[in-house]
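Visitor: From the sequence below, what's the structure:
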Amino acid sequence: MLRYDDWDDEGLVHLSRERPHSVDVATFAIRENDDCGWLGYFIGKSQKLENMFFDYFPQERERVDAFMVGFCHNQSIQRIDVDSDIGEAGFRELGNFLGNNRSVRDINFFSFDIGSECAQNIALMFGQSQYKSLKHIHFSDNNLHDEESAQIAAALVVQPQIEELIFYDNINIGRLGGIALGSTLKIWRAPSLKKLSICISEINDECIQVMAAGMINCSSLSELNMLNFNLGGNLITEVGLKSFSDMFQTGSCCMEKLHLSGMNIGFDGAPALAAGLSRCRSLKSLDLSNNILGDAGLDAIVAGLANSSNLEELELSCNGVFSSAGLGSLATLFRTAENSMAVSLAHNGINDEGLQALSEGVTNQCNVTILDLSYNTITDEGVQALASGLINNSNLEILRLSGHGSITAAGLRSLSAFFQSESCALKEFWLHNMSIGDDGASALADGLVGNKSLEELRFCCDTSGITDVGWSAFSKLLCDTSSVNNTYLSNHTLELIGNNDTPTDIAKYLQLKQVYSVSQVEMVKVKVIMSHPHLNMEPFFPWRLKFLPLVVAYFDAVKSIFGLSETGQDLSIVYQFVRGMPLFVVRSYAGENVHRKRKRDVEREA
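Guide: Predicted coordinates for the structure are as follows:
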């Protein structure tokens, strides 16, 4: 048995034909004539082994039997990953193992082509018997075609205990696979399914109706992710979408996460879907991206969400063009939303007029915490309208305006009042793929003076158009060295400006918190010491010697985080302080001597 690295009887085991790239698993490279019985014996004995990876399995009957004799005794493995076609014998024996095991919860098929023969072997494995401990089945990037997926879906009829079923990155699953899956879901008795994810293409109303009927039977289903790659045109109409609507209106529906991307809903299908959404009170996340909703569709969806008091995430990117008409209704939803909500409106052709309508909903009553407006057609005028709406907003934490080449320094400067507002809670501001320039950098730096919330200002350094002039504005923002007081008043909240290519002299200030593990208060002290090696102590002379212990305590605190003991800066400061007021020192010393003399005289008389 050839073993790539030491096995400590816990963690992960990988069966392979070749030495893999990863070194974080105990890998057994099985060669010709290797005795598989010993490997099966040790795996069977293990009480700590939790994960097993197969990307090769010997096909000789004797070697398979030798391995399985020991392997089937294992009761600790919880997850199995199959990364290649392990053949008829491999899948058959894997099924026998699942039948005897009471701990395996996950089986995953990752990144290998599942052809007709392989799909048949997998179907036979799942159809052998019910594997009661198995809860999660995941197919990803397997080039599954319609017939193969239908075969596997039909075999799952004996696995109603499954809680999570995923067919992702398999864009060739179509009508047959969808119908077979829906039929299986409908047949299940007392199903446990909670999450269903599927990439599908070329489906029609019949397929949607069968799948919806199956999902209605799964009363525990709380998450549905359906991504449609319909390359042949719109085959789904309001008839099919109504079946989804019927599913949401059942009394047992507990849907919390609904992602229907690329379903070609359109403005005509949106009312049918919205009718169901109006009854789905449990909904927390809705993704309707790539559905060409337009204003009419947006109006319908917003009306359907009026009673969704639990909504926390709304993804509406890539839906044609949203104008002020549709965005006005969305603004109303913003004002009435009860929970914190993340909203994406990227790639929707939103212009300044549309943003002005939306801005009426982002006032201080708005609970939107994440707002993505990237890659629309917004200019300075639109940003000014947005800034006006945000002025008293205390909930927005992430704002994305990436991909707007028409936004200039004037637009960025209009955000200053929002940044400097006491109510500002913004933590991230995204400006990727924009030519910010030196004027824009100066506008941002000026606006962020006094801001105590923003932690990340994200943009692409290489394409930002910022030169040394603009970076110097950011440097001054982070640490104004013109005076100690200005250093103290600098911005100590920002942790990221740009990306990984931020200039070194800027990065040194941004990384202080991470490098020295300091609080914001301690960071101020560090910046003062870094920037002012010779502190002027004269302003503190009126405090006399009362201030000296504070100086010592200050440097003791800074030493522990910055290692200043080698610089002698603390001694230099004390020296400046004492030298600047020698009479106080002399008088104090003389007074102390007089006090000691009097004390000795009293003791002698006693």
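
Visitor: so where's this protein shaky on pLDDT?
Guide: Residue ranges of the chain with pLDDT under 70: 1-32, 230-234, 516-518, 535-548, 550-606.

Visitor: Recalculate using a threshold of 80.
Guide: 1-36, 54-65, 202, 229-235, 251, 364-365, 512-523, 525-526, 529-530, 532-606 (pLDDT under 80).

Visitor: Sketch out the strands for the stretch 251-400 of the chain, chain order is fine.
Guide: For the stretch 251-400 of the chain, the strands defined by DSSP state E, counting those that start in this stretch occupy 257-261, 285-287, 313-315, 341-344, 368-372, 398-400.

Visitor: Parallel or antiparallel, which strands does the third one pair with?
Guide: Taking DSSP bridges as the criterion, strand 313-315 pairs within the sheet with strand 285-287 (parallel), strand 341-344 (parallel).

Visitor: roughly how far is the longest one from the heart of the chain?
Guide: Taking CA atoms, centre = their mean, to the nearest Å, one finds strand 341-344 lying 13 Å from the centre of the chain it belongs to.

Visitor: which residues touch it?
Guide: Contacts with strand 341-344, where a contact means CB atoms under 8 Å, 6 or more residues apart in numbering, come from 289, 311-317, 334, 367-372, 398. To be clear about C-beta, it is placed using only N, CA and C from the backbone, and glycine gets the same treatment.

Visitor: doesn't Lys135 make contact with Ile162?
Guide: Yes: with contacts counted by CB atoms under 8 Å, Ile162 reaches Lys135, the gap being 6.4 Å.

Visitor: Go ahead and build a PyMOL selection from the buried members of the contacts of strand 341-344.
Guide: Per 16 or more other CB atoms under 10 Å, the buried members of the contacts of strand 341-344 correspond to this PyMOL selection:
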select buried, resi 289+311+312+313+314+315+316+317+334+367+368+369+370+371+372+398
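
Visitor: Report the two of the contacts of strand 341-344 separated the most.
Guide: By the measure CB to CB, Ser289 and Asn367 form the most distant pair in the contacts of strand 341-344, at 21.5 Å.

Visitor: Tabulate the strands of the stretch 251-400 of the chain (a markdown table), appending distance to Leu386.
Guide: Converted to a markdown table, these look like this (distance: least, CB to CB, whole Å):
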| stretch | distance to Leu386 |
| --- | --- |
| strand 257-261 | 27 |
| strand 285-287 | 23 |
| strand 313-315 | 18 |
| strand 341-344 | 13 |
| strand 368-372 | 9 |
| strand 398-400 | 9 |
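
Visitor: Quick one, which of these gets closest to Gly304.
Guide: Of all the strands of the stretch 251-400 of the chain, strand 285-287 comes closest under CB to CB, at 9.6 Å.

Visitor: circling back to that earlier point, minimum distance to Glu522: which of the strands of the stretch 251-400 of the chain has it?
Guide: strand 398-400 (26.9 Å).

Visitor: where along the stretch 401-550 of the chain do the strands fall?
Guide: 428-430, 456-458, 496-498.

Visitor: What residues sit buried inside the first one?
Guide: Yep, that's strand 428-430 we're talking about. Glu428, Phe429, Trp430.

Visitor: Give me the packing partners of that strand, helices and strands only.
Guide: Identification of packing neighbours for strand 428-430 by 3 or more CB pairs under 8 Å, 6 or more residues apart in numbering; DSSP states H and E yields strand 398-400, strand 456-458.

Visitor: Direction included, what does it pair against?
Guide: strand 398-400 (parallel), strand 456-458 (parallel).

Visitor: What of the last one?
Guide: Paired neighbours of strand 496-498 in the sheet (DSSP bridges): strand 456-458 (parallel).

Visitor: what sits up against the strand it pairs with?
Guide: So strand 456-458 is contacted by 427-432, 444, 448, 494-499 (CB under 8 Å, 6+ apart).

Visitor: how about stretch 102-118: buried residues?
Guide: Buried, per 16+ other CB under 10 Å, within stretch 102-118: Val104, Asp106, Ile107, Asn108, Phe109, Phe110, Phe112, Ile114, Cys118.

Visitor: List phi and psi for the second one.
Guide: In other words, Asp106. For Asp106, the backbone dihedrals (degrees, to the nearest 10) come out as phi -130, psi 140.

Visitor: ok, it touching Ile77?
Guide: No: here Asp106 does not reach Ile77: they are 9.9 Å apart, not a contact under CB under 8 Å.

Visitor: thinking again about what came up before, so for Tyr168, which of the strands paired with strand 313-315 sits nearest?
Guide: strand 285-287 (14.3 Å).

Visitor: Mind listing residues that contact the closest one?
Guide: By CB under 8 Å, 6+ apart, the residues outside strand 285-287 that reach it are 225, 256-261, 277, 305, 308, 311-315.

Visitor: again, only this time at 6 Å
Guide: Lys257, Leu258, His259, Ser261, Glu313, Leu314, Glu315 (CB atoms under 6 Å, 6 or more residues apart in numbering).

Visitor: Tell me which residues touch Asn291, please.
Guide: Counted by CB under 6 Å, 6+ apart, Asn291 has contacts Met263, Ile265, Asn319.

Visitor: how near is it to Asn348?
Guide: 11 Å (CB to CB, to the nearest Å).

Visitor: Find residues that contact each of those two.
Guide: The contact sets of Asn291 and Asn348 overlap at Asn319 (CB under 6 Å, 6+ apart).
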